[in-house]
Each structure stands twice: as structure tokens, then as C-alpha cells.
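Chemist: structure, please.
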Amino acid sequence: MNTCQAIVNPDCSKSTIQKSPSIKRALQKVLSLCIPCIEPHKLEEYLASNDIILLNVTEIPAQIQQNIKYATVEFAGVKFKTTATSGDEYLSHVENGIVKRFLNANNFPNLQRIVICEEKYSFTPDDFKAATRQKRQTISSSTISHLKIGSEMISEHKLSKSAVIQTDLGKRLISNYLARNVKNLNITKDVVLDIDSELFLETCTKHKIDECSCPYKLHTTPV
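Modeler: Below you'll find the model as predicted:
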């Protein structure tokens with residue numbers, strides 16, 4: 001629930017006020033103006049009891065689960081959490097730990113379409129993320145991951161976690177790996193799975209040099 005990554009400070013850092021907790025408070029403030037009779041300290045309880053905003057929940061309410069037909073998965077953090085040591089193991093983690101959990105009839109029985117959104121480095125330069133990443137960083141040992149070639153970073157039989165989270169090439173490879181190998185997923189349910197990544201980049205034909213000064217004319221084609 002963060003705000004647009006493109007709204008940054010002059011040093012390309014992202015203001016803390018744009019992070020999730022502040023956006024939550026801002027949304028509550030807007031709603032409080034629409035419900036003027038509620039005392040401020042009772043607002044959160046009122047919003048929750050009337051199913052307007054559900055806070056601090058660990059599971060999606062059953063009524064909502066039954067009605068969900070379309071789901072969007074923000075996938076940027078998956079590579080940081082995976083313990084896979086090979087590309088095949090990574091795909092298995094995605095298939096069983098993420099996709100099939102959505103397809104479980106007990107979770108979302110009416111789900112028809114899943115959109116997986118991978119990180120896109122051609123549109124959001126990684127420098128924009130530098131400041132917020134710096135706040136989370138801990139002291140770690142030096143690495144030679146940047147010296148590895150693509151096949152040493154991630155392949156069918158190998159996955160170097162340090163390479164795919166610390167190098168530009170590795171981050172791009174891991175963010176495209178699922179779309180590149182989607183045919184290897186074993187999904188039997190009748191569902192549409194869109195993987196929005198940078199695997200297929202195309203130039204927008206409507207952008208002409210003499211008509212538009214925008215430096216970014218690329219768009220992605222989901223698989």
C-alpha cells in the first residue's frame with residue numbers, strides 16, 4: 001500500500017511518510033471526514049465493525065474469499081525470502097507456496113485470474129530504492145557475486161541468492177525467470193495466470209522522437 005515509487009526526494013530517496021502506515025492513517029483521516037459524528041478514538045473500531053476497513057487481520061474474511069475472482073500478487077519480495085538453491089526449486093516454491101495456495105478451493109473457490117507483478121527495473125531505476133534499502137541493510141560480508149555470469153546466478157540446477165538480490169544482472173534474471181519458465185509449472189485448474197515482467201519489452205509505436213520527449217517508450221507484454 002505504498003505510494004508511487006516515482007515520487008521521490010531530490011536525492012532519489014523515498015519519504016517515510018509515503019510508506020504503508022502513513023497511507024493507512026491518511027485513508028482513515030479521509031474517511032473520518034465522511035463520518036463526522038464518530039469520535040476520533042472510536043473511528044478505527046467503527047470502520048472495522050462495519051467492514052469498511054479491516055486492520056490487523058491475519059486471514060481474509062470468508063465472505064470476501066468466496067467472492068474474489070481476480071487476484072494481484074506483488075512479487076518483488078519473493079526473491080529475498082526464498083531458500084531455493086536451484087531454478088527448479090525456486091519454481092516449485094512459487095508453484096506450491098504461492099500459486100496453488102490461491103487455487104485451493106478452500107481459499108478462493110471462484111478465482112478466475114491471477115496477475116503476478118514482477119519488479120521492473122527499466123521503468124523504476126533501482127537508485128530510487130537505494131535510501132529505503134539502506135535503512136534495512138545490516139552489515140554483511142563482502143561478496144564476489146558481481147563477477148558471476150548469468151548461468152552461474154540462476155539456472156535449472158543453480159541459484160545464487162546473493163547474486164540475484166545484490167547484482168543488477170541477477171535481479172533482472174530472477175524477475176524474469178518465472179515468466180521464462182512458466183511452461184514448467186504444473187497447474188491443473190482452469191485459471192488464467194498473467195505474469196507481468198520485463199521478459200518481453202517492446203517500443204510503443206505511438207511515441208515519435210519529434211512528437212514526444214519522454215525517454216521511456218518501452219512497455220511490457222505479460223505472459
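Chemist: show me the helices in the protein, by range?
Modeler: In the chain, the helices defined using DSSP state H lie at 20-34, 43-49, 62-67, 78-81, 87-94, 100-103, 130-136, 150-153, 161-166, 168-180.
Chemist: quick one: which of the ones you listed has the weakest pLDDT on average?
Modeler: For these, mean pLDDT drops lowest on helix 130-136, to a mean of 52.
Chemist: format the helices of the chain as CSV; extra columns: mean neighbour count and distance to residue 120.
Modeler: From N, CA and C alone the C-beta is placed, and that goes for glycine too. Converted to CSV, the helices of the chain look like this (neighbours: other C-beta atoms under 10 Å; distance: least, C-beta to C-beta, whole Å):
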stretch, mean neighbour count, distance to residue 120
helix 20-34, 12, 20
helix 43-49, 15, 33
helix 62-67, 11, 29
helix 78-81, 15, 14
helix 87-94, 19, 18
helix 100-103, 16, 22
helix 130-136, 12, 17
helix 150-153, 15, 18
helix 161-166, 19, 16
helix 168-180, 20, 8
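Chemist: redo the ones you listed as CSV? Include distance to residue 221.
Modeler: Formatted as CSV, those follow (distance: least, C-beta to C-beta, whole Å):
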stretch, distance to residue 221
helix 20-34, 30
helix 43-49, 40
helix 62-67, 30
helix 78-81, 21
helix 87-94, 20
helix 100-103, 23
helix 130-136, 29
helix 150-153, 22
helix 161-166, 23
helix 168-180, 10
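Chemist: to residue 55, which of the ones you listed lies closest?
Modeler: Nearest of the helices of the chain to residue 55, taken as C-beta to C-beta: helix 43-49 at 6.1 Å.
Chemist: that closest one - contacts with which helices or strands?
Modeler: In terms of contacts (3 or more C-beta pairs under 8 Å, 6 or more residues apart in numbering; DSSP states H and E), helix 43-49 is packed against helix 20-34.
Chemist: ok, residue 80 touching residue 165?
Modeler: Yes: at 5.9 Å, residue 80 and residue 165 qualify as touching, with contact defined as C-beta atoms under 8 Å.
Chemist: care to break this protein down by domain?
Modeler: Listed by automatic domain parsing, the domain ranges of the chain are 1-58, 60-122+145-194.
Chemist: give me the neighbour count for residue 167.
Modeler: By the measure other C-beta atoms under 10 Å, the count of residues near residue 167 is 18.
Chemist: that one reaches residue 160, doesn't it?
Modeler: No: the pair residue 167 / residue 160 is not scored as a contact, 9.2 Å apart, by C-beta under 8 Å.
Chemist: sorry, back to before: what do residue 80 and residue 165 both touch?
Modeler: By C-beta atoms under 8 Å, 6 or more residues apart in numbering, residue 80 and residue 165 have no common neighbours.
Chemist: in TSV, list the domains of the chain along with distance to residue 223.
Modeler: Shown next, in TSV, are the domains of the chain (distance: least, C-beta to C-beta, whole Å):
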stretch	distance to residue 223
domain 1-58	23
domain 60-122+145-194	4
